[in-house]
Every structure is written in C-alpha cells, then in structure tokens.
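Asks: model this:
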Amino acid sequence: MEVNNTTTLSNISSTDPHRCDVYCRTILITVYSIVFLGGTVGTVMMSCMMFKRNSQSMIATIILNIMVLHSLLLVSLPFRLSYYLSVVWELGSFTCRVTSGLIYYHMYFTFVFYVAIVTLRLLIYFKKLQTQQLQKYHAIILSIVIWVVGSFIFLPVFFSQYGTDPSYLEQQRCFEFYKDLNFKEVIIMNYSMIVIIMTTVLVLFLIQMAVVLRLIKAYWPDLWAHHEYRAQIKSFFFLLVIVVCFIPHHAFRVYFIQNYSEEENPKLILYNEICVALTTVCCLDMLCFVGGVIH
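Replies: Next up, the predicted model:
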C-alpha cells in the first residue's frame, strides 16, 4: 500500500505543473549531489589544513565560521535528496520548514562572513586598519555578534511566516512554499534583502576591482610574489562566489515575485528552484582553496 502511494505521488508530480517535475528534480538532485560530495570533501580537508596550521588570524577565524555554516547546510542536503528522489516528505511540517530554512540561513550568514573578509582586507589595504591591531579575540567577538544578532533577526521573522500556510500540511510535500508570497511581510522581507545584497555587492565589487587593477599596474609582472596582491585576489574570489552563487537567485527573485502565478507561470517554479540550489554551490569554495584553484 505504501509503495502504491509513493508511485501515485511520483506520477502526480510528473503531471502537475504546479510542482517540481521530473526534469526539475533531476537537475536539483544533480546539483545537490555535487555540492554534498564536493562540499563535504572540501570542508573536511580544509579543517585538517587549518588544524595543522593552527592559525590565529582574524581571517582564519572567519573562514572557520563559514565552514561551520557549510557543515550545517551539508547535513540537511541528504533530506532534500531523499525528498526529490521519492517525491514524498514523511518527516513532518516542522522538520520541512527547518530543513528548507537552513538553505536561506546558510546563504545570508555566509554572505555576511564573505563581506566581512572582503571589508577587512580593503580596510587593511587603505591603511584604515593595521594587521597588528587584529587579534583572534576580535574575530571571536565579531563572529558572536554576527551569529547572535543575525539569528535574532532572521529566525523570528523567517519562521513566523515561512511555510505556515494550512495547505502545506495537507500533502506530503516540502520546499514548495510559494504561497508565502501572498504575505505582504514576506514580500517586503524579500525586497529588502535583495536591495541590501545587490547594493553591497556592487559597491564592494567596484572598489575591489579598482584595488586589483591598481596592484596589477604597480606589481606587474611579478604579481604573485607580493602578499598584498594575493590577499586582494582572495577577496576577489569571495566576491566572485557571491556573484555566481547568490546574485542569480536574488535577481530572479524580483521577477519571480512580480510574475509568479501557479496558473499562468508554472515554469517559474523550475527556474526558482534551480536558483535556490545554485546558492549552495558556494560550499565548493573550500574545495577550490584545497585544490589550488585559488592560492
């Protein structure tokens, strides 16, 4: 009987235009599988490298926070993969909301820590901050502030509205909380995050590009021999990760909010889910460092 129910749900998901269909699930399973395997390997190897080096720098402490965030997300990915493979969610609505919420929690907090790294290095470059002034306890205090303040802002707002529509409880479905866009508070929260992230990235990207170009002009052709250049390239890498992984989701989110309609634009569900999945690809950043893609 249970097998028949699962088969029925699978068939429904293949024909119901309001749900993530077979093609959609295939893409998501592929992306999440790559992220889970690559992210796990990268995080474990980076942890071993940092443990051996025992670095006391502020940047290393912030990267440790990013690794913790990656680990939280990676733990939740098997639940997502299980759902997209079986098309049935049997762990309850609260577990669904937590698992679904983790992907946004990870994205926004990772973004904040990325920005912290880029900002610190820019401040050091412009002589607004001295490396000698940065102690490990400064990074610990900064980390605690980000975790505590961010959680107090994010968790109540997110879980007070996210996934609370009664219709979600009637079916064994998960990660499809599109009806939340009917709430004015959710729309305002989405637009606010989009504006903040887009503005922050644009400003930092322009400043970072100007700094990199200035360093290229000053140190050419022996660029990699200079620590200052290497540090700014690492910052540029983090900005590039934000642009590749986070910006598509927020750019498309504007269009999605304005045009989403289950009856008229079912294809938008597919595109939105892919953009959400793309945000998890940032978990491969540590693999890039370990593999020597960025030194």
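Asks: if I pick residue 231, what's in contact with it?
Replies: Residues in contact with residue 231 (CB atoms under 8 Å, 6 or more residues apart in numbering) are 121, 124, 125. In short, each C-beta sits where N, CA and C put it, glycine included.
Asks: hang on, I meant residue 30
Replies: By CB under 8 Å, 6+ apart, no residues touch residue 30.
Asks: After the host helix or strand of it, which helix or strand is next?
Replies: Using DSSP states H and E, residue 30 sits in helix 22-53. Following helix 22-53 in sequence order, the next helix or strand is helix 58-86 (DSSP H and E).
Asks: so who does residue 274 touch?
Replies: Residue 274 makes contact with 24, 27, 28, 31 under the criterion CB under 8 Å, 6+ apart.
Asks: What is the least confident helix or strand in this structure?
Replies: One helix or strand of the chain scores below all others by mean pLDDT, DSSP states H and E: helix 2-15, with a mean of 44.
Asks: which residues of the chain score low on pLDDT?
Replies: Scanning the chain for pLDDT under 70 picks out the ranges 1-19, 54-56, 129-136, 157-172, 179, 261-266, 291-295.
Asks: can you rerun that using 80?
Replies: Filtered on pLDDT under 80, the chain yields the residue ranges 1-21, 53-57, 127-139, 153-173, 175-186, 223, 260-267, 269, 289-295.
Asks: Not counting its neighbours along the chain, what's nearest residue 47?
Replies: Ranked by CB to CB, 6 or more residues apart in numbering and with sequence neighbours excluded, the top spatial neighbour of residue 47 is residue 67, at 6.4 Å.
Asks: hang on, isn't that neighbour packed against residue 286?
Replies: Yes. Using CB atoms under 8 Å, residue 67 is in contact with residue 286, at 6.5 Å.
Asks: and these two? which has more neighbours close in?
Replies: Ranked by neighbour count (other CB atoms under 10 Å), residue 67 and residue 286 place residue 286 first, with 25 against 21.
Asks: tell me which element that one is part of?
Replies: Per DSSP H and E, residue 286 falls inside helix 285-290.
Asks: Give the buried residues for that helix.
Replies: 285, 286, 287, 289, 290 (16 or more other CB atoms under 10 Å).
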